[in-house]
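[1] Here is a sequence together with a model predicted from it:
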Amino acid sequence: MADQFGILGQLLPADTNEATLYTVPAITSTTVGAVVTAPKSVVVITQTLVTSLVISNRSSSDVTYRIRLKEGASFTQSCTTVQSDATVTVAGGATTSAIPVGAQMSGTGVPTGASVLSKTDQTTFEMTAVGDGSGTQTNALTFYADHDKEFLAYDVTIPNNRTQVLSLGLTLTAGNLIKVRTGTASQLAFTAMGIEVT
C-alpha cells in the first residue's frame, strides 16, 4: 500500500484553456504471455485524499482562476445518426438531460413509447439507442460533460505576487480529476498536495 503524503500534481497553464492538474490513477493490469498480472489496486480501490491546493500568482497583476472537480474524463459527444435496425451504445463519464431511456426512435428522431429521463446530475451511465427499422434516426442522443455543479472555485481573484492555500480534504476515487483554468496565461502555478492510496 502506498500512502505517503506528497505532491500529487503541479501545473503552470500556458494558456487560458482548462487543463488537468491531477487525475486519480485508474486500476490497471498487465498481460505477460498468457498470464494476467494485476497490482494490489485491483483488490483495494484506488483512492486519493487531496489535503490542499496551492495557487501562486507570479505576475504583477491580479489574476482569476477556476477549479473544477470531475467524476470522470471530460467529453462532449453527439450521436446524430442511428441507422435503421442498428444499435448504438455509449458508456462513460457523461451526464444526461431529457434523453429517452430504453426506447426506440422514430424516423424523425422522436422517441416512441418511452419515458424521458430528466435528471441532469448523473455522471456514470450506459445508454443504448436502437433504430426502429423505418429509416435513419437523427438527433437521438446528446451528451454534455461539464456542468456548473462541478466548480470548487469560479473566477476567484488572487492578488499580484500572492499565494493562496486552499485546505480541502477531498476524498477521490480512480478516474476523478481536478481541472484548473487561469484568466491569464503562464502566470498562475497550481500545486495539489495529498495522499495517494493504491
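    Received it, and whenever you're ready, just let me know what you need.
[2] hang on, residue 177 packs against residue 19?
    No - contact criterion Cβ atoms under 8 Å: residue 177 and residue 19 do not qualify, at 10.4 Å. C-beta coordinates here come from the backbone N, C-alpha and C atoms, glycine included.
[3] Of the two, which one has the most company?
    Neighbours per residue (other Cβ atoms under 10 Å) separate residue 177 from residue 19, with residue 177 holding more: 19 against 15.
[4] where's the more buried one relative to residue 15, distance?
    For residue 177, the distance to residue 15 equals 18 Å [Cβ to Cβ, to the nearest Å].
[5] so where's this protein uncertain?
    The model of the chain has pLDDT under 70 over residues 1-2, 27-45, 73-145, 198.
[6] domains of it?
    5-72+148-197, 77-143 (automatic domain parsing).
[7] Helices along the chain, start to end?
    Counting by DSSP state H, the chain forms no helices at all.
[8] ok, how many other residues are close to the closest residue in space to residue 58 that isn't next to it in sequence?
    What sits nearest to residue 58 in space, not counting adjacent residues and going by Cβ to Cβ, 6 or more residues apart in numbering, is residue 187, at 5.3 Å. As a burial measure, residue 187 scores 19 neighbours (other Cβ under 10 Å).
[9] which residues does residue 187 contact?
    57-59, 61, 63 (Cβ atoms under 8 Å, 6 or more residues apart in numbering).
[10] try 6 Å
    Under the criterion of Cβ atoms under 6 Å, 6 or more residues apart in numbering, the contact list for residue 187 reads 58-59, 63.
[11] Can you tell me which of these is closest to residue 183?
    Lowest distance from residue 183 to the contacts of residue 187 (Cβ to Cβ) belongs to residue 63, with 5.4 Å.
[12] distance of the residue nearest to that closest one when sequence neighbours are not counted from residue 195?
    Distances taken as Cβ to Cβ, 6+ apart put residue 184 closest to residue 63, at 4.7 Å, once the chain neighbours are dropped. Computed as Cβ to Cβ, the residue 184 to residue 195 distance reads 31 Å.
[13] ok, now how distant is residue 4 from residue 169?
    17 Å.
[14] Please apply the same query to residue 190.
    18 Å.
[15] what about the two, which has more around it?
    Comparing residue 190 with residue 169 by other Cβ under 10 Å, the one with more neighbours is residue 190, at 22 against 9.
[16] start to end distance for stretch 180-195?
    Start and end residues of stretch 180-195 are separated by 20 Å (Cα to Cα, to the nearest Å).
[17] Tell me who's in contact with residue 163.
    Contacts for residue 163 were tallied using Cβ under 6 Å, 6+ apart; they are residue 56.
[18] Who does it form a beta bridge with?
    Beta bridges link residue 163 to residue 56 when assigned by DSSP bridges.
[19] So among the contacts of residue 187, which ones count as buried?
    Among the contacts of residue 187, those scoring as buried are residue 63 (criterion: 16 or more other Cβ atoms under 10 Å).
[20] and of the contacts of residue 187, the nearest to residue 154?
    For the contacts of residue 187, the nearest to residue 154 is residue 63 (14.1 Å; Cβ to Cβ).
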